[in-house]
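# A predicted structure for the sequence below; I have some questions about it.
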Amino acid sequence: MDWCVLLDDLTDGASCPADAQPPPAAAWPLAAAAASEPKEPSLWDQWARVKGFLTSWRSRKGAGAGGASPLPVDKLKCHMPPGGFDPAKYKPVVLVSCGSFNPPTFMHLRMMELAQQALTLGGWDVLGGYLSPVNDAYWKRTLAPGKHRLHMCQLATADSDSLMVDPWEVEQRQYTRTLHVLKHVESELRRVFNGGDSNGAQPVAEVFQAAGEPAPVACPTSPPPRVMLVCGADVVLSMADPAVWRQDLLEELLTRHGVVCITRDGSDVAALLDRPGSLLHTHRANVAIVKELVPNEISSSRVRHELEQGRSVKYLLPQPVISYIYQHGLYNTSSNKPPLLRAGRREPVYVFDPHLSLFVSAEDLVSPHPL
């Protein structure tokens, strides 16, 4: 088989470069298996080799491509404390939540609100927050394509006065660790605070003004805001496992950025922080625990289950997100139509009712009296 044809199959139809040279035989799983027939490599070994080759090929193919989308800053705002800004006491912070957002729910938005409220009470000035959808390389069986999760996050935060969506992570060519996402946001904010950059970002004094103040009163450019991670208790509990989190990266995350952990009933984060012998214990002063006093069990996995069963998810997600899901047939919604309720009638025409968040028979909408 021509190696370019095989490459097209592996890359979902991507064009084979005109000047590309075939890779060594060892780079191909099938060739490697044939060369050592007595010991057939495992499926995972073969898949690892395919992934390694595709990653290197795509990086070469994408060299010189245009830059990623800029970090949005239009909703950032500072808040004038009584007596004005005191650089010695002023503590600006920007919040970032990394996750699948598959799909984004009201609980994701609620977590950011709780974090903002807690830090404000603690003397921080929360300038705004970002949702950062994970890259498609973070493989999950039910993970919707990144472009859809990005658009759903943008719809979910459209009416927020402080939440935005950073597209950088989802636009990367590979899975990106949480620390690198936080450092990216920090770097972009420093550029803006230092007077703008070559991508056309405006200086911070032109981007946002002190909330409630006349236009000439601009936000201070020093100190630059700290970028802090917002997450659930499950993420903090996973930080205690060295097999999940690289310890050097985790230590930098805890010391340089910090974490706001939103807990549900039954979480044992406080006990974990008090247990000696871990980085979480060493840097426990940089982990803020915020308890949700109005707990709920909304989760993306449960929402997906309801969608796959053809049931309503109204009031679990923002309405624009629900409409987007049905419009694009995400989470098996395109094949989940309600059962026929009228025996002996012709096949009805189904339409999407945005009020019920379900497909219903057009005949039912005009014929209120059932058989």
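Yep, it's here. Quantities reported herein were computed from a predicted structural model and do not represent experimental measurements.
# how about the strands in the stretch 101-250 of the chain?
For the stretch 101-250 of the chain, the strands defined by DSSP state E, counting those that start in this stretch cover 125-133, 163-165, 226-232.
# Now do residue 311 against residue 103, distance only.
15 Å (Cβ to Cβ, to the nearest Å). Every C-beta, even on glycine, is put in place using the N, C-alpha and C of the backbone.
# now do residue 171
Taking Cβ to Cβ, one finds residue 171 at 19 Å from residue 103.
# next one: residue 145
12 Å.
# same question, residue 148
From residue 148 to residue 103 the distance is 8 Å (Cβ to Cβ).
# Check residue 141 too.
Remark: distance between residue 141 and residue 103 (Cβ to Cβ) = 15 Å.
# and the two? which has more neighbours close in?
residue 103 (27 against 4; other Cβ atoms under 10 Å).
# nearest residue to that one other than its sequence neighbours?
Nearest non-adjacent residue to residue 103, counting by Cβ to Cβ, 6 or more residues apart in numbering: residue 152, 5.1 Å away.
# Isn't the one you found up against residue 324?
Yes: counting by Cβ atoms under 8 Å, residue 324 is a contact partner of residue 152 at 5.7 Å.
# more crowded one of the two?
With neighbours defined as other Cβ under 10 Å, residue 152 and residue 324 compare such that residue 152 has more, 27 against 19.
# Tell me the pLDDT of the more buried one.
We have a pLDDT of 98 for residue 152.
# Would you mind listing the residues in contact with it?
101, 103-104, 321, 324-325 (Cβ atoms under 8 Å, 6 or more residues apart in numbering).
# Turn those into JSON lines, including distance to residue 235.
Shown next, in JSON lines, are the contacts of residue 152 (distance: Cβ to Cβ, whole Å):
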{"residue": "101", "distance to residue 235": "14"}
{"residue": "103", "distance to residue 235": "19"}
{"residue": "104", "distance to residue 235": "16"}
{"residue": "321", "distance to residue 235": "22"}
{"residue": "324", "distance to residue 235": "26"}
{"residue": "325", "distance to residue 235": "25"}
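# List the ones among those residues that fall in helices.
Per DSSP state H, helices hold the following members of these: 321, 324-325.
# Please identify which of the residues you listed is nearest to residue 109.
Nearest to residue 109 among the ones in helices among the contacts of residue 152: residue 321, at 10.5 Å, using Cβ to Cβ.
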